[in-house]
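Enquirer: Got a predicted structure plus its sequence, pasted below:
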Amino acid sequence: MTRLMRIRPESVYFTLFLAALGAIVPLSIDLGLPAIPTISRSLGSSSATAALTLSVFMAGYALAPIVLGPLSDRYGRRPILLSSLALFTVAGVTCAAAPSMSILLASRVIQGAGAGVGAVLVLAIVRDSFEGRLARSRLAYVRVIQTVAPMIAPTLGAWVLAAGGWRAIYGTLAGAGLVLFALVAFGFTESARLRRGPSLAPRVLWSNYRQVLGNKVSLGYILINAFTFGALFAYVSGSPLVMLELLHVSPRIYGLLFATTASGITAGAFLSGRLNARGVAPSRLLTGGLVLAATVSVLLFVIAASGMARVSTLVPPLVLCTFSAGLIGPNAAHGAMDPLPDVAGAAAAVLSFLQMVCGSVSGLLVASLYDGRSALSMTGMMALFSLAALSVYAVRLRRLR
């Protein structure tokens, strides 16, 4: 059966399969965004505490790949994917049944760990299967398809919330995990070139991570990717507070607004894929994306500080910010992975870990600094992380290159 249902790497179905694995993370984050006020009321907590369901998910997402990435180098991508998707599915059921906020937050950490490994291994599988421009192009197209999830997730979440309450949202995630488990079990053939030897010994694991962290070019791209994601997640975690509570839009309208801004990532990633396929240098795409992100995020902070934050003044610049993230992401990820083919799992784990650390810290700062009267915490974190990404590229990578 596995042979008959095998998804071939050169097929469009393989790209769809990789995108589905990666999309489980934005789906897990964005599906529950309209439900944050409802969760806080249901479990007797504040909206800021309920918003931590995003940050703790990111914490689990960041930590698990540090161990499981090297495990995938030793034992293969397939068994690690199966175990992580099983963990994600069980955690989704636990979230749906959570009787208190503490249990919900703990379950979200576990759910993040299960989702994170699958998303990280997408990078390793692409590195296993493709080279050069083809790899960058494939990563960009995977990103294009992945962005369908954040575009539709808040609207879908609002529908599920209306039909079955916030617990049905986590039940939906558990069902998605089960479907992906079946796809891996029956459609995915191992992509890694497995190495023999005691590669799980602590000294070897440490050596693999030293190899990643010691590669200055790879580390520079990893930092750019992490800071860019920190800026993006400041918006993701802050948008329900700003849009739903501060600007009082309805959950359904919020879903449409979020889809509008998420479409920017789709456009940016699609453009990146097309230009990479035509041989445009990735450095030009990175430079344009980073300058645009820094400029527009600073503009958003000025809008918030001047008291002019409205739906009409925030959404157009936010679309430009997400567009820049679509340009930056695939090129930074490939730049991080390309120099390290023999430790692709470890490299993907470091990339994911630092990305999620930045996302988690960004979300925590946005929630803790939110004053209920302005969008300063969201836009301030977006500006801070965008400027950090641009600084790494301008000061570190351009000199190394």
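Expert: Perfect, I can see it now. Numbers count the residues shown, from 1 in each chain.
Enquirer: what's the longest helix along the chain packed up against?
Expert: Using DSSP state H, we find that the single longest helix of the chain is helix 101-129. Packed against helix 101-129 by the contact rule (3 or more Cβ pairs under 8 Å, 6 or more residues apart in numbering; DSSP states H and E) you find helix 12-30, helix 52-75, helix 77-96, helix 132-146, helix 166-187, helix 311-337, helix 344-369. Where C-beta positions appear, they are placed from N, C-alpha and C, glycine not excepted.
Enquirer: 7 Å instead?
Expert: If contacts are counted by 3 or more Cβ pairs under 7 Å, 6 or more residues apart in numbering; DSSP states H and E, helix 101-129 sits against helix 12-30, helix 52-75, helix 77-96, helix 132-146, helix 311-337, helix 344-369.
Enquirer: Tell me where this structure is predicted with low confidence.
Expert: 1-5, 132-133, 145-147, 150-151, 193-202, 204, 397-401 (pLDDT under 70).
Enquirer: Let me see the contact set for the residue nearest to residue 61 when sequence neighbours are not counted.
Expert: For residue 61, ignoring the flanking residues on the chain, the nearest one in space by Cβ to Cβ, 6 or more residues apart in numbering is residue 116 at 3.4 Å. With contact set as Cβ atoms under 7 Å, 6 or more residues apart in numbering, residue 116 has these partners: 60, 61, 62, 64, 65, 352, 356.
Enquirer: just the residues you listed now: which is nearest residue 52?
Expert: Comparing the contacts of residue 116 against residue 52 with Cβ to Cβ places residue 60 closest, at 12.3 Å.
Enquirer: That closest one: what's it in contact with?
Expert: Contacts of residue 60 by Cβ under 7 Å, 6+ apart are 109, 110, 111, 112, 113, 116.
Enquirer: Does the second one touch residue 93 like I think?
Expert: So the one you mean is residue 110. No. Proximity of residue 110 to residue 93 does not meet the contact threshold set by Cβ atoms under 7 Å, at 10.9 Å.
Enquirer: sorry, back to before: distance from the longest helix of the chain to the middle of the chain?
Expert: 10 Å (Cα atoms, centre = their mean, to the nearest Å).
Enquirer: ok, and for that helix, which residues are buried?
Expert: Taking 16 or more other Cβ atoms under 10 Å as the neighbour-count basis, helix 101-129 is seen to contain the buried residues 101, 104-129.
Enquirer: if we can go back for a sec, and the contacts of residue 116 as JSON lines, adding distance to residue 164?
Expert: Listed next are the contacts of residue 116 as JSON lines, based on distance: Cβ to Cβ, whole Å:
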{"residue": "60", "distance to residue 164": "25"}
{"residue": "61", "distance to residue 164": "25"}
{"residue": "62", "distance to residue 164": "30"}
{"residue": "64", "distance to residue 164": "29"}
{"residue": "65", "distance to residue 164": "32"}
{"residue": "352", "distance to residue 164": "32"}
{"residue": "356", "distance to residue 164": "29"}
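Enquirer: Show me which pair in the residues you listed is furthest apart.
Expert: Longest distance between any two of the contacts of residue 116 is 11.5 Å, between 60 and 352; criterion Cβ to Cβ.
Enquirer: Spit out the contact partners of the residue nearest to residue 172 when sequence neighbours are not counted.
Expert: Take residue 172 and drop its neighbours on the chain: the residue closest to it by Cβ to Cβ, 6+ apart is residue 160, 5.8 Å away. Listed by Cβ under 7 Å, 6+ apart, the contact set of residue 160 reads 168, 169, 172.
Enquirer: what's near enough to touch the first one?
Expert: By Cβ under 7 Å, 6+ apart, the contact list for residue 168 reads residue 160.
Enquirer: again, 8 Å this time
Expert: 96, 160, 161 (Cβ atoms under 8 Å, 6 or more residues apart in numbering).
Enquirer: Look up how far residue 32 lies from it.
Expert: 11 Å (Cβ to Cβ, to the nearest Å).
Enquirer: With the second one instead?
Expert: The gap separating residue 169 from residue 32 is 5 Å, by Cβ to Cβ.
Enquirer: Find the residues that touch each one of the two.
Expert: In contact with both residue 169 and residue 32: residue 157, using Cβ under 8 Å, 6+ apart.
Enquirer: Look at the two and report which has more neighbours.
Expert: Set residue 169 next to residue 32 and count neighbours by other Cβ atoms under 10 Å: residue 32 wins out with 29 against 26.
Enquirer: Torsion angles phi and psi at that one?
Expert: phi -90, psi 0 (degrees, to the nearest 10).
Enquirer: And it, how close does it get to residue 234?
Expert: For residue 32, the distance to residue 234 equals 17 Å [Cβ to Cβ].
Enquirer: What is the nearest of the contacts of residue 160 to residue 261?
Expert: Set against residue 261, the nearest of the contacts of residue 160 by Cβ to Cβ is residue 169 (20.5 Å).
Enquirer: show me what contacts that closest one?
Expert: 31, 32, 35, 96, 157, 160, 161.
Enquirer: Residue 336 now?
Expert: When contacts are counted by Cβ under 8 Å, 6+ apart, residue 336 touches 218, 219, 221, 222, 225, 347, 351.
Enquirer: what about the fifth one, neighbour count?
Expert: In other words, residue 225. 26.
Enquirer: okay, the helices and strands packed on helix 101-129 in TSV with distance to residue 238 next?
Expert: Below are the helices and strands packed on helix 101-129 laid out as TSV (distance: least, Cβ to Cβ, whole Å):
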stretch	distance to residue 238
helix 12-30	13
helix 52-75	10
helix 77-96	22
helix 132-146	21
helix 311-337	11
helix 344-369	4
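Enquirer: show me where the stretch 201-350 of the chain has strands.
Expert: Ranges of strands in the stretch 201-350 of the chain, per DSSP state E, counting those that start in this stretch: none exist.
Enquirer: Tell me which stretches of it form helices.
Expert: In the stretch 201-350 of the chain, the segments counted as helices under DSSP state H, counting those that start in this stretch are 202-214, 216-239, 251-277, 282-305, 311-337, 344-369.
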